[in-house]
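Novice: Pasted the sequence and its predicted model underneath.
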Protein chains: 2
Amino acid sequence: MRIYFTFEPRPDLREPLLAEFPQVDFIFESGITNEELQQADVLVTYGEDLTTESIQQATKLKWIFVASAGIEKMPAQAIMERGILVSNVRGIHKTPMAESMLAHILAIKRALPWMYEQQKKSEWSKKAKQTELRDSTALILGPGAIGSEVGRLLQAFGVKTIGCNRSGNEASNMDKMISFGQLKEALPSADIVISVLPKTRETTHLLNEEHFIAMKSSAIFMNFGRGNLVDEKVLIQAIEAGEIEYAVLDVFEEEPLSSNNPLWALPNVIVSPHVSSHSSRYVERSLEIFKPSLTKWLRGDRDLENVMELSRGY
Amino acid sequence: MRIYFTFEPRPDLREPLLAEFPQVDFIFESGITNEELQQADVLVTYGEDLTTESIQQATKLKWIFVASAGIEKMPAQAIMERGILVSNVRGIHKTPMAESMLAHILAIKRALPWMYEQQKKSEWSKKAKQTELRDSTALILGPGAIGSEVGRLLQAFGVKTIGCNRSGNEASNMDKMISFGQLKEALPSADIVISVLPKTRETTHLLNEEHFIAMKSSAIFMNFGRGNLVDEKVLIQAIEAGEIEYAVLDVFEEEPLSSNNPLWALPNVIVSPHVSSHSSRYVERSLEIFKPSLTKWLRGDRDLENVMELSRGY
């Protein structure tokens, strides 16, 4: 049994893995080579290094463990044709992402960007425009694992949470649920609008001009799902027209954002370069998901955690 | 009955007050005059405008409602001699202050200061040094109303909370309690050290060099209590020597901080100009505390909320 990692975990994470699975040959390499692919039974990857050609090279491959949640960049067709099992680390992002979202919300409410600028000028001023998060209302588009974790934290801050998904069916940590069809009616009550929706046909340009017009002019809009949610021109127009007060964006229609994109310089827009899920503890957390699955795999059990349905896109 | 406000609440807050207490003559003025002081039965003030002389002028004064929590700047001796009742808005700061503290902690953990600088350069980079708040340990010096609220929020983020007060007696939302005497032993386990201690003889220079040496080199130290807690030179030395990683300071030995103070420019020091309790909803919240007390006062009940014990300093 040969397991090929296309990234190199730190020694303190690697050693316990070797000790726990002495029967396995582990290969750790930064990057992907055809030579190693040809011999690998299991591949552990962030997913971005796989192509149709690399799948064709990996003739022995039966399981791909993706230490990531999105799969847009994976050659789904080639993997399905070969019947390779794919599992991922769904849910691993919920802690760092929810912490990032709360960081951005609280930074705005408590005027941290202003404060940092005052400090650079060595200027003692109390003219901060500070308000409170408590008693706000947040509308969360896509209250799955990540959205529910944000909801849980927001509720701890005394925020009313409204979840919004396709069906309007119940989700955790939401005071109220609505369906996509009811979105426009609900937007005027929201102080914060957060999307953590995945990229699907249905979510592409789900938000249009009318949605931004329906939002409070004091609203904070946050896209931490995928950039397809809203046409960038619509978003820029909404900010420039003052239809919303703040936009915090972790995802974009095109990534990386080009250096001449107007979003960089727009006042009250925060550009987070798709790092909200990053964490120094990411690999540690990935291996915590990988190890029980590997134990199952070694005894022939294929009922792994987070098996992906490539045909459905998640 | 004449009630003299030395600040002017917004019309939308003032009008309900006038409507609710038609039997009272309300005077609203920005600032304090002897003429009004001489006629006032009740004074509503932020406390900073009172002197021994103004108390002597206020011959009819029986109750001072202080829309603030600290009383260092009040002429306590003169007030006590006259037997004037003083009540304040203790607890009003807990929401904005706890939100400020969480904002600073999460901003550091999720690399927001770095992100803001990247954005100014229109530079898409994922090299953020981001970590997670979850599974950290926070040591809270002074777990009263504010400290317990911070503890409650930190616990929601999966943080272990250690409260530290004089006695080591139980406090809300603390996983563990220790006394001042046990502080040095507990510091090496804390990722975040927060003080919300008031200024008393006992808290002056409570922290010395050895305490900072005992802290983790990755620790975030936050002073949101009073500047007397630590000698500024000791604090600067601790940061320069790398004994702690970050200091977030809302209070200082001398306020305002002079423009040539080295703290402004030290890397990994955040200067918050004593605004952590500020909020656009402050006056609204103060009046929510004032009104029930005024109702009691008018019917002769002197058992008001938050009566201060000036002789003890709180």
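Specialist: Looks like it came in fine.
Novice: where's A:Trp63 relative to A:Phe5, distance?
Specialist: With distances taken as C-beta to C-beta, to the nearest Å, A:Trp63 is found 13 Å from A:Phe5. Yep, even glycine has a C-beta here, placed from its N, CA and C like the rest.
Novice: The two - which one has more neighbours?
Specialist: Using other C-beta atoms under 10 Å in any protein chain shown as the criterion, A:Trp63 and A:Phe5 rank with A:Phe5 on top: 23 against 20.
Novice: Please give me every residue in contact with A:Ser217.
Specialist: Counting by C-beta atoms under 8 Å, 6 or more residues apart in numbering or on different chains, A:Ser217 touches A:242-245.
Novice: May I see the PyMOL selection of the buried members of those?
Specialist: Remark: buried members of the contacts of A:Ser217, expressed as a PyMOL selection using 16 or more other C-beta atoms under 10 Å in any protein chain shown:
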select buried, chain A and resi 243+244+245
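Novice: how about the contacts of A:Ser217, which pair is most distant?
Specialist: Distance extremes for the contacts of A:Ser217: the farthest pair is A:Glu243 and A:Glu245 at 9.1 Å, using C-beta to C-beta.
Novice: Next up, the contacts around A:Arg10.
Specialist: A:Arg10 touches A:Val283, counting by C-beta under 8 Å, 6+ apart.
Novice: thinking again about what came up before, which of the contacts of A:Ser217 sits closest to chain B?
Specialist: Nearest to chain B among those, counting by C-beta to the nearest C-beta, is A:Glu245 at 13.3 Å.
Novice: The closest one touches A:Met215, doesn't it?
Specialist: No: applying C-beta atoms under 8 Å as the test, A:Glu245 and A:Met215 come out as separate, 9.3 Å apart.
Novice: quick one: strands adjacent to the helix or strand hosting A:Val193?
Specialist: Using DSSP states H and E, A:Val193 maps to strand A:192-195. Next to strand A:192-195 in the sheet, as set by DSSP bridges, lie strand A:137-141 (parallel), strand A:220-223 (parallel).
Novice: Show me what the mean pLDDT comes to for the shortest one.
Specialist: In other words, strand A:220-223. Across strand A:220-223, pLDDT averages out at 98.
Novice: How about the helix or strand just after it and chain B, any contact?
Specialist: With elements assigned by DSSP H and E, the helix or strand that comes after strand A:220-223 is helix A:232-240. No: using C-beta under 8 Å from any C-beta of the partner chain, helix A:232-240 stays clear of chain B, with a minimum separation of 14.4 Å.
Novice: likewise stretch A:241-249?
Specialist: No: between stretch A:241-249 and chain B, judged by C-beta under 8 Å from any C-beta, nothing touches; the nearest distance is 10.2 Å.
Novice: quick one: contacts of that stretch?
Specialist: A:104-105, A:108, A:212-213, A:215-224, A:235, A:238-239, A:263, A:266, A:268-272.
Novice: Going through these, which ones are buried?
Specialist: Applying 16+ other C-beta under 10 Å to those flags A:104-105, A:108, A:212, A:215-216, A:219-224, A:235, A:238-239, A:263, A:269-272 as buried.
Novice: Work out for me the element A:Cys164 sits within.
Specialist: Element membership of A:Cys164, judged by DSSP H and E, is strand A:160-165.
Novice: What pairs with that strand, parallel or antiparallel?
Specialist: By DSSP bridges, strand A:160-165 pairs with strand A:137-141 (parallel), strand A:176-179 (parallel).
Novice: any chance of these in JSON lines, plus mean neighbour count?
Specialist: What follows is the strands paired with strand A:160-165, written out as JSON lines (neighbours: other C-beta atoms under 10 Å in any protein chain shown):
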{"stretch": "strand A:137-141", "mean neighbour count": "25"}
{"stretch": "strand A:176-179", "mean neighbour count": "15"}
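Novice: just so I know, which of these lies nearest B:Gly158?
Specialist: Of all the strands paired with strand A:160-165, strand A:137-141 sits nearest to B:Gly158, with 19.9 Å by C-beta to C-beta.
Novice: could you point out which element follows the strand holding A:Val193?
Specialist: Following strand A:192-195 in sequence order, the next helix or strand is helix A:209-214 (DSSP H and E).
Novice: which strands and helices sit next to that next one?
Specialist: helix A:183-186, helix A:232-240 (3 or more C-beta pairs under 8 Å, 6 or more residues apart in numbering or on different chains; DSSP states H and E).
Novice: helices or strands next to the longest one in the packing?
Specialist: It stands for helix A:232-240. helix A:209-214, strand A:246-249.
Novice: can you rerun that using 10 Å?
Specialist: Under the contact criterion of 3 or more C-beta pairs under 10 Å, 6 or more residues apart in numbering or on different chains; DSSP states H and E, helix A:232-240 touches helix A:209-214, strand A:220-223, strand A:246-249, strand A:269-271.
Novice: Can you lay out the ones you listed as TSV showing distance to A:Leu112?
Specialist: As requested, the helices and strands packed on helix A:232-240 are exported to TSV (distance: least, C-beta to C-beta, whole Å):
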stretch	distance to A:Leu112
helix A:209-214	25
strand A:220-223	14
strand A:246-249	13
strand A:269-271	11
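Novice: Quick check: the gap between A:Pro96 and A:Gln155.
Specialist: Using C-beta to C-beta, A:Pro96 is found at 19 Å from A:Gln155.
Novice: higher neighbour count, those two?
Specialist: Counted by other C-beta under 10 Å, A:Pro96 and A:Gln155 do not tie: A:Pro96 has more neighbours, with 26 against 16.
Novice: what about the more buried one, which SS state?
Specialist: For A:Pro96, the assignment made with DSSP: H, G, I helix; E, B strand; the rest coil gives helix.
Novice: Just give me the neighbour total for the nearest residue to it once chain neighbours are set aside.
Specialist: Distances taken as C-beta to C-beta, 6 or more residues apart in numbering or on different chains place A:Ser279 nearest to A:Pro96, at 4.1 Å, with adjacent residues excluded. Neighbouring residues of A:Ser279 were enumerated by other C-beta under 10 Å; the total is 24.
Novice: element containing A:Ser279?
Specialist: Using DSSP H and E, A:Ser279 sits within no helix or strand.
Novice: my guess is it meets B:Asp135, correct?
Specialist: No: between A:Ser279 and B:Asp135 there is no contact under C-beta atoms under 10 Å: 11.3 Å.
Novice: list residues touching both of those two?
Specialist: When contacts are counted by C-beta atoms under 10 Å, 6 or more residues apart in numbering or on different chains, A:Ser279 and B:Asp135 have A:Thr95 as shared neighbours.
Novice: Poorly predicted segments of the stretch 201-314 of chain A, please.
Specialist: A:313-314 (pLDDT under 70).
Novice: Show me which residues of it are close to chain B?
Specialist: A:252, A:255-261, A:263-265, A:269-282, A:285 (C-beta under 10 Å from any C-beta of the partner chain).
Novice: mind listing the helices in chain A by residue range?
Specialist: For chain A, the helices defined by DSSP state H occupy A:11-20, A:34-39, A:52-57, A:76-82, A:94-109, A:112-120, A:145-156, A:183-186, A:209-214, A:232-240, A:282-298.
Novice: how about those in JSON lines, adding distance to B:Ile178?
Specialist: Formatted as JSON lines, those follow (distance: least, C-beta to C-beta, whole Å):
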{"stretch": "helix A:11-20", "distance to B:Ile178": "30"}
{"stretch": "helix A:34-39", "distance to B:Ile178": "53"}
{"stretch": "helix A:52-57", "distance to B:Ile178": "56"}
{"stretch": "helix A:76-82", "distance to B:Ile178": "55"}
{"stretch": "helix A:94-109", "distance to B:Ile178": "27"}
{"stretch": "helix A:112-120", "distance to B:Ile178": "31"}
{"stretch": "helix A:145-156", "distance to B:Ile178": "25"}
{"stretch": "helix A:183-186", "distance to B:Ile178": "47"}
{"stretch": "helix A:209-214", "distance to B:Ile178": "51"}
{"stretch": "helix A:232-240", "distance to B:Ile178": "49"}
{"stretch": "helix A:282-298", "distance to B:Ile178": "29"}
